[in-house]
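**Student:** here's a sequence, model it:
(one chain, ligands or ions: 1)
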Amino acid sequence: MTRVINFGAGPSALPQSVLEEAAKGLLNFHGTGIGVAEISHRSKAFTGFLTSLESLIRTQLDVPATHSILFTQGGGTGQFSAVVLNLLARHRLLHPDLTDAERHLDYVITGSWSKKGADEAKRLGGGTVNIAVDSRPYSKDGKSFDNIPTHDRYSFSPDPALIYYCENETVDGVQFGYEEGDQTSFPFELFPQGTLLPLVADYSSSFMSRPIPRLADHAVIYAGAQKNIGPAGLTILIVRQDCLVDVDAAAKLGAVPVPLSMSYKVLADAKSLYNTPSVLPIYIAGLVLERMKENGGMPYYEDVNRRKAEKVYAALKRGEAKGVMQSKVKEGGGRSWMNVVFDIVGGPDALSKFISGAEAKGLHELKGHRSVGGVRASLYNAITEDQVDQLVAYMDEFTNAN
Ligand code: PLP
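**Tutor:** Residues are numbered from 1 along each chain as shown. Predicted coordinates for the structure are as follows:
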């Protein structure tokens with residue numbers, strides 16, 4: 001059987017060696033004689049595995065003891081709701097007398113996923129959504145998500161219930177900058193040091209692709225597994241302990257009620273086993289994380305992922321110089337390491353030619369998201385540097401032939 005190179009945005013490629021190992025686990029999980037899709041989530045073999053998964057994340061990302069690591073389901077979309085409900089409950093317990101109009105939820109809008117998060121907060125109510133910044137007015141055409149705003153453009157509320165951003169916008173290909181002092185980084189310096197910031201970050205499409213800047217300052221970091229970590233069906237949460245609040249006590253004070261399966265405290269108290277977890281995705285994620293540790297952990301992925309992105313952006317630049325390609329994201333404006341999005345100049349026929357030419361070389365799933373079109377090359381952890389080199393060679397070939 002031939003496997004192609006899968007540049008899809010998610011669910012996305014997984015390492016071949018992990019899939020081979022997982023196939024064995026489907027028949028016999030850790031010598032139990034029972035397959036992993038059949039074994040009780042309360043069995044010793046599985047709970048032991050879950051503990052080791054937690055520790056593989058904690059050690060590789062340097063998650064401090066102030067934060068719990070939780071596993072749940074419902075994906076990023078489930079967290080659009082859960083973060084609002086849990087942090088509104090926390091805010092209600094801290095400030096019971098504020099009205100909904102005085103309870104602010106600050107959203108940083110840099111792409112379609114953060115916009116969806118803000119829309120869900122508006123829908124749920126219980127507070128007032130403040131758009132701390134929207135990047136579209138700063139775009140090339142005044143309406144696209146093609147940049148990360150500079151720090152002078154943000155306007156936050158005093159003492160909000162949450163401050164929300166999406167670290168990597170999978171559809172639009174924009175990502176917060178990474179180096180200290182970079183104007184496209186998240187503007188941490190706008191907040192007082194030493195406060196328990198209600199800072200929430202959607203890391204769905206960049207989780208564990210490089211270290212997380214100022215991880216300890218976050219209230220909640222969440223990620224669906226299906227890009228860098230494993231199959232769909234598992235959602236990973238890093239939650240600071242002051243956000244594990246009694247949601248029923250908050251509801252008695254007037255907060256929006258929180259479904260128990262979404263309550264961070266309920267999940268934490270039950271060690272992520274309040275209800276049946278997604279056993280098979282957890283298993284495959286554990287295998288991916290073991291492999292990541294063997295490869296050298298975050299320093300290794302940070303290096304490789306930086307190089308992979310640099311190579312593809314360099315090829316894109318050569319395509320732009322010949323008028324064949326056009327980046328969708330502004331240069332210096334927060335170009336994503338994970339999702340490189342660009343247009344092929346010449347309309348739908350030119351794009352089809354690029355995509356079919358790529359497929360003929362075994363380079364698949366390069367079509368951009370239906371809402372933005374063009375090309376999207378997703379360079380998640382399972383995509384090797386050699387596979388990126390093949391993509392770059394094809395991009396150059398296409399540029400030179402056109
Ligand atoms: N946030 C980001 C950044 C995403 O890329 C996605 C999905 O691709 C989501 C949220 C939604 O995740 P899910 O489909 O797991 O609900």
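**Student:** okay, now the domains of the chain?
**Tutor:** Structurally, the chain divides into domains by automatic domain parsing as follows: 25-293, 297-401.
**Student:** endpoints of the first one, how far apart?
**Tutor:** Start-to-end span of domain 25-293 (C-alpha to C-alpha, to the nearest Å) is 20 Å.
**Student:** ok, back up a step: among the domains of the chain, which is nearest residue 8?
**Tutor:** With C-beta to C-beta as the measure, domain 297-401 is the member of the domains of the chain nearest residue 8 (3.4 Å). C-beta here means a position set from N, CA and C on the backbone, and glycine is covered the same way.
**Student:** is it true that residue 201 lies in a strand?
**Tutor:** Yes - the assignment for residue 201 (DSSP: H, G, I helix; E, B strand; the rest coil) places it in a strand.
**Student:** separation between it and residue 239?
**Tutor:** Distance, residue 201 to residue 239, using C-beta to C-beta, to the nearest Å: 12 Å.
**Student:** ok, the two, which is more surrounded?
**Tutor:** Neighbours were tallied for residue 201 and for residue 239 using other C-beta atoms under 10 Å; the higher tally belongs to residue 201 (29 against 24).
**Student:** show me what the more buried one bridges to in the sheet.
**Tutor:** Beta-bridge partners recorded for residue 201 (DSSP bridges): residue 165, residue 221.
**Student:** relative to the ligand, how far out is it?
**Tutor:** Counting by C-beta to the nearest ligand atom, to the nearest Å, the separation of residue 201 from the ligand is 10 Å.
**Student:** make sure that residue is actually in contact with residue 220.
**Tutor:** Yes - A contact is recorded between residue 201 and residue 220 when judged using C-beta atoms under 8 Å, the distance being 7.5 Å.
**Student:** enumerate the residues of the stretch 251-400 of the chain near the ligand.
**Tutor:** Residues of the stretch 251-400 of the chain found near the ligand (C-beta under 6 Å from any ligand atom): none.
**Student:** pick out the residue of the stretch 251-400 of the chain closest to the ligand.
**Tutor:** Across the stretch 251-400 of the chain, no residue is closer to the ligand than residue 339, which sits at 8.5 Å (C-beta to the nearest ligand atom).
**Student:** quick one: residues contacting the residue nearest to that residue when sequence neighbours are not counted.
**Tutor:** Taking C-beta to C-beta, 6 or more residues apart in numbering, and ignoring the residues beside it in sequence, residue 339 has residue 173 as its nearest neighbour in space, at 4.7 Å. Residue 173 sits next to 328, 329, 335, 336, 339, 340, 341, 376 when contact means C-beta atoms under 8 Å, 6 or more residues apart in numbering.
**Student:** ramachandran angles for residue 173?
**Tutor:** Backbone torsions for residue 173, taken as degrees, to the nearest 10, come to phi 70, psi 30.
**Student:** got it, and the one 10 residues further on?
**Tutor:** Reported as degrees, to the nearest 10, the phi and psi values for residue 183 are phi -70, psi -10.
**Student:** contact partners for it?
**Tutor:** Remark: with contacts taken as C-beta under 8 Å, 6+ apart, residue 183 is in contact with 150, 151, 177.
**Student:** can you select the buried ones from those residues in ChimeraX?
**Tutor:** Here is the ChimeraX command that selects the buried residues among those (16 or more other C-beta atoms under 10 Å):
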select :151,177
